[in-house]
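J.: fold the following and give me the result.
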Amino acid sequence: MNSPVNAHIENILLTVLVQLMVIIAASRLSGALFRRLGQPLVCGEIAAGLILGPSLLGGWFPDLFARVFNPSVSQIFSIVSQLGLVLLMFLIGLEFDFGHLDENRRTVFSISAAGIVLPFILGFALGRFMHGQLGLGGHWLNLALFLAAAMSITAIPILGRIMIELGINRTRIGALTISSAAMDDAAGWIILAVVTAIVRSAFDPWKLSWMILEVLAFAAVMIFAVRPRLIQWTRTAARSGDLSLNSLAILLILIFLSAVCTNLIGIFSIFGAFFLGAMLYDQHEFVAAVKRRLSDFVTVFFLPIFFTYTGLRTDIGTMTGTGMWALCALVLLAATVGKFGGCALAARANGLPWREASIIGVMMNTRALMELIVINIGYDLGIIPRSVFFMLVFMAVATTYITAPLLRRLIRGSEVESAYRTQELAGSRA
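T.: Numbers count the residues shown, from 1 in each chain. As a prediction, this is how the structure comes out:
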């Protein structure tokens, strides 16, 4: 006979299993539908997370929503989502190719700098304005710094997928864009880590200085002491072209240990996992072996949970009145003008024609997954209220969904048209 404790655990497990089935099924179906509509798979996965949230499923079928997404297990999904995010950020770190930064340095640097500085300034100004307009508590500088950091991010993994699907990843424009995006993201994560440290230090200069010193010490130890030994181990671990179970276990311990370090420093655990991945970006055989072991499971299992977890926080009901929607439009405008405008103008100033410069601007304006990670951090820090969270999710989704349709129009008559037509022809034959 089952004890009451076992029966309670079974009830919780049943709720979790039902949620997992709904999340994974909705993610795959929505992803497949969006692929047919000419959008990247991840756009459909993001849509599935939003559909399952209170804005749609919760608004249309509140009873069903309450049964499926029972709040009694919300903490379980919060932890699972964060665990998946740690693994995902490690994989994103592995995908960084710093070799791009050696090519066309002047053009890449100017595009990247414009794509950081202008969005940061606009985000900072908008954050200060919105803090007063919304009557938020706490210091206005928290929101201003966070919006500035959030608007500086480019979603390089999603951008890479879009470029590959359009066949322009190996073109000159593709190389310039991915190099600029890589520099943007490297700077963006540093900015975000600093902003997180500032917020968590409560503007205490001694506490902030100590946290920054700890981050620098962590980075120095990882680069100069840990990396050489890790490289030796990775070459042994990937010698057969695949990771053994023992090697996979060691890798997971290393990922979690790096996450623990940054957690103890006072910034988020994901920074440690990302840093570990970025340190190993040039170990190509090891990277390929890791992706074969981890990538599919993280993509199919953990990523939909993260998108759904974000969707559950995104509530259109917080957007009351035309004033809130006006602020939402202002967020979208500032983000687009900052990223698209800054990068396109920088590309044009370096001698690229307007059409090619616009292609770069559109691609650099892609935010998607990276932006969702950033705004969830802000929400967890208590900086972003639910209304602003909705605005930023709306901005992230809009800037991502518009990328592929705009690119298809801009590519016509540009220097990358032949590469796009070749890819289109190959796709029609497949």
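J.: going by C-alpha atoms from here, please, whenever you check contacts or count neighbours.
T.: Will do.
J.: the residue nearest the centre of the chain: which element?
T.: Nearest residue to the geometric centre of the chain (Cα atoms, centre = their mean): residue 370, 1.5 Å. Using DSSP states H and E, residue 370 maps to helix 368-380.
J.: give me the contact list for the next helix or strand after that helix.
T.: Note on helix 368-380: by DSSP H and E, the next helix or strand toward the C-terminus is helix 386-401. Residues from elsewhere that reach helix 386-401, judged by Cα atoms under 8 Å, 6 or more residues apart in numbering: 39, 43, 46, 313-316, 318-319, 327-328, 331-332, 335-336, 365-368, 371-372, 375, 379.
J.: pLDDT weak spots in the stretch 1-150 of the chain?
T.: Where the stretch 1-150 of the chain drops to pLDDT under 70, the residues are 1-5, 96-104.
J.: returning to that earlier point: just checking, what packs against the helix holding residue 370?
T.: Contact here means 3 or more Cα pairs under 8 Å, 6 or more residues apart in numbering; DSSP states H and E; on that basis helix 368-380 packs against helix 140-150, helix 156-166, helix 386-401.
J.: which of those helices sits most buried?
T.: Mean neighbours per residue, mean count of other Cα atoms under 10 Å, is largest over those for helix 140-150, with a mean of 25.
J.: buried residues of the helix ranked longest in the chain, list them for me.
T.: Scanning the chain for the helix with the most residues, using DSSP state H, yields helix 4-36. Buried residues in helix 4-36, defined by neighbour count with 16 or more other Cα atoms under 10 Å: 15-16, 19-20, 23-24, 26-28, 30-34.
J.: same deal with stretch 415-423?
T.: Going by neighbour count (16+ other Cα under 10 Å), the buried part of stretch 415-423 is 415-421, 423.
J.: what about the helices in the stretch 301-430 of the chain?
T.: Along the stretch 301-430 of the chain, the stretches classed as helices by DSSP state H, counting those that start in this stretch are 303-313, 322-336, 342-349, 354-364, 368-380, 386-401, 403-411, 417-429.
J.: now the last one: mean pLDDT?
T.: Computed over helix 417-429, the mean pLDDT rounds to 71.
J.: same check, this time on the first one
T.: The predicted model gives helix 303-313 an average pLDDT of 87.
J.: mind giving me the packing neighbours of that helix?
T.: helix 4-36, helix 41-51, helix 74-95.
J.: I'd like the distance from it to the chain centre, please.
T.: Relative to its chain's centre, helix 303-313 lies at 13 Å (Cα atoms, centre = their mean, to the nearest Å).
J.: sorry, back to before: out of the helices and strands packed on helix 368-380, nearest to residue 360?
T.: helix 156-166 (10.9 Å; Cα to Cα).
J.: now, which of the buried residues of stretch 415-423 sits nearest residue 296?
T.: residue 423 (24.6 Å).
J.: dump the residue contacts of residue 305.
T.: Residue 305 neighbours (Cα under 8 Å, 6+ apart): 20, 23-24, 49, 77, 80-81.
J.: now with 6 Å?
T.: By Cα atoms under 6 Å, 6 or more residues apart in numbering, the contact list for residue 305 reads residue 81.
J.: hmm, back to that, in JSON lines: the helices and strands packed on helix 303-313, plus distance to residue 275.
T.: What follows is the helices and strands packed on helix 303-313, written out as JSON lines (distance: least, Cα to Cα, whole Å):
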{"stretch": "helix 4-36", "distance to residue 275": "28"}
{"stretch": "helix 41-51", "distance to residue 275": "24"}
{"stretch": "helix 74-95", "distance to residue 275": "6"}
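J.: out of those helices, which comes closest to residue 257?
T.: Residue 257 lies closest to helix 74-95 among those, at 11.0 Å (Cα to Cα).
J.: report the buried residues of the closest one.
T.: Buried-residue list, helix 74-95, by 16+ other Cα under 10 Å: 77, 80-95.
J.: contacts for stretch 32-40 next, please.
T.: 41, 44.
J.: off-centre distance for it?
T.: The chain centre lies 20 Å from the centre of stretch 32-40; the measure is Cα atoms, centre = their mean.
J.: now that stretch - C-alpha only, CSV.
T.: Written as CSV, here are the backbone C-alpha positions of stretch 32-40 (Å, rounded to 0.1, in the frame of the first residue of the first chain):
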residue,chain,number,x,y,z
ALA,A,32,7.2,22.9,-37.8
LEU,A,33,4.4,25.4,-38.6
PHE,A,34,6.7,28.4,-38.5
ARG,A,35,9.3,26.6,-40.7
ARG,A,36,6.5,26.3,-43.3
LEU,A,37,5.9,30.0,-43.0
GLY,A,38,9.5,30.7,-43.8
GLN,A,39,10.6,31.5,-40.2
PRO,A,40,13.4,29.8,-38.3
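J.: residue numbering should commence at 33 henceforth.
T.: Sounds good: first residue 33 from here, last item stretch 64-72.
J.: re the thing from before, hmm, which of the contacts of helix 418-433 are the buried ones?
T.: 71, 75, 78, 345-348, 350-351, 359-360, 363-364, 367-368, 397-400, 403-404, 407.
J.: between the helices and strands packed on helix 335-345, which gets nearest to residue 285?
T.: Minimum separation from residue 285 across the helices and strands packed on helix 335-345 (Cα to Cα) falls at helix 106-127, 11.3 Å.
J.: buried set for the next helix-or-strand element following that closest one?
T.: Per DSSP H and E, the first helix or strand lying C-terminal to helix 106-127 is helix 137-166. Within helix 137-166, the residues that count as buried by 16+ other Cα under 10 Å are 139-160, 162-163.
J.: likewise for stretch 286-304?
T.: Neighbour-count burial for stretch 286-304 [16+ other Cα under 10 Å]: 286-294, 297-304.
J.: isn't residue 146 right up against residue 373?
T.: No. Using Cα atoms under 6 Å, residue 146 makes no contact with residue 373, being 8.7 Å away.
J.: I'd like the average pLDDT over stretch 366-382.
T.: Per-residue pLDDT over stretch 366-382 has a mean of 94.
J.: which other residues reach it?
T.: 143, 146-147, 150-151, 183, 389-390, 393-394, 397.
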